[in-house]
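>>> Next comes the sequence, and after it the predicted model I'd like to discuss.
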Amino acid sequence: MQLLQLPAIVTPGIGLVFWTALVFVLLVIVLGKFVWPAILGAVEAREKSIEEALAAAEIARQAKSDLEKEIEKIKQEGRTEREKLLKEARETATALTEEARQKATVEYNRIVEDAKAEIERQKQQALGEVKSKVAEISLEIAEKLIRKQLSNDASQQELVKSYLKETPLN
């Protein structure tokens, strides 16, 4: 049997294998000495920058969380302050309303008292006028009666004598 003859490219010779191995070893040495350290340095620097970015992101996340807590605290303080102000406003409104009501009551009472005093004054004035008028009318009636009774001389002399008897002469 005859073996198949394979082309030379498929079955390399020992020299080709030696030179290929030598070039490969030299390439690995050159790469290991010059290229790999630079690549590893770049990878390590990149890894370090990624770690720093992750640490900065963690710090930023923590700062964001702290800010959110601070914002919530400020909101709560704002709500508390708003409630306090609303309560004070309600109390002030109530106090002002009560004060206005008291002032109105005092003013009402003063007006009523003034009206009562004015009514009493006008009543006294009217009573005085009525008394004066009654006195005038009484005097006119008395004058007319006396004139009628004293129309003659005898009745006038009798009246003078009776006045003299009643009047003490001390």
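Okay, I see it.
>>> The strand or helix carrying L40 packs against which elements?
For L40, the enclosing helix or strand under DSSP states H and E is helix 36-149. Using 3 or more Cβ pairs under 8 Å, 6 or more residues apart in numbering; DSSP states H and E, no helix or strand is in contact with helix 36-149. All C-beta spots, glycine's among them, are computed from the backbone N, C-alpha and C.
>>> pLDDT (mean, whole number) over that helix?
Averaging pLDDT along helix 36-149 gives 91.
>>> Distance from it to the middle of the chain?
From the chain centre to the centre of helix 36-149 is a distance of 10 Å (Cα atoms, centre = their mean, to the nearest Å).
>>> likewise stretch 158-168?
Taking Cα atoms, centre = their mean, one finds stretch 158-168 lying 93 Å from the centre of the chain it belongs to.
>>> Give me the mean pLDDT for that stretch.
74.
>>> buried ones in that stretch?
Residues of stretch 158-168 classed as buried: none (neighbour count, 16 or more other Cβ atoms under 10 Å).
>>> sorry, back to before: any idea how far the very next helix or strand once past the helix holding L40 is from the chain center?
Downstream of helix 36-149, the next assigned helix or strand under DSSP H and E is helix 153-166. Helix 153-166 has its average C-alpha position 96 Å from the chain's average C-alpha position, going by Cα atoms, centre = their mean.
>>> distance of L40 from T97?
For L40, the distance to T97 (Cβ to Cβ, to the nearest Å) stands at 83 Å.
>>> With G78 instead?
The spacing between G78 and T97, counted by Cβ to Cβ, is 28 Å.
>>> tilt between the helix holding L40 and helix 153-166?
Angle of helix 36-149 versus helix 153-166, following axes from the mean of the first three to the mean of the last three Cα atoms, to 10 degrees, is 120 degrees.
>>> what's the neighbour count on E72?
10 (other Cβ atoms under 10 Å).
>>> what do you get for I146?
For I146, the count of nearby residues is 13 (other Cβ under 10 Å).
>>> Now do it against D114, distance only.
Note on I146: its distance to D114, by Cβ to Cβ, is 47 Å.
>>> Same check on I50?
Distance of I50 to D114, given as Cβ to Cβ: 92 Å.
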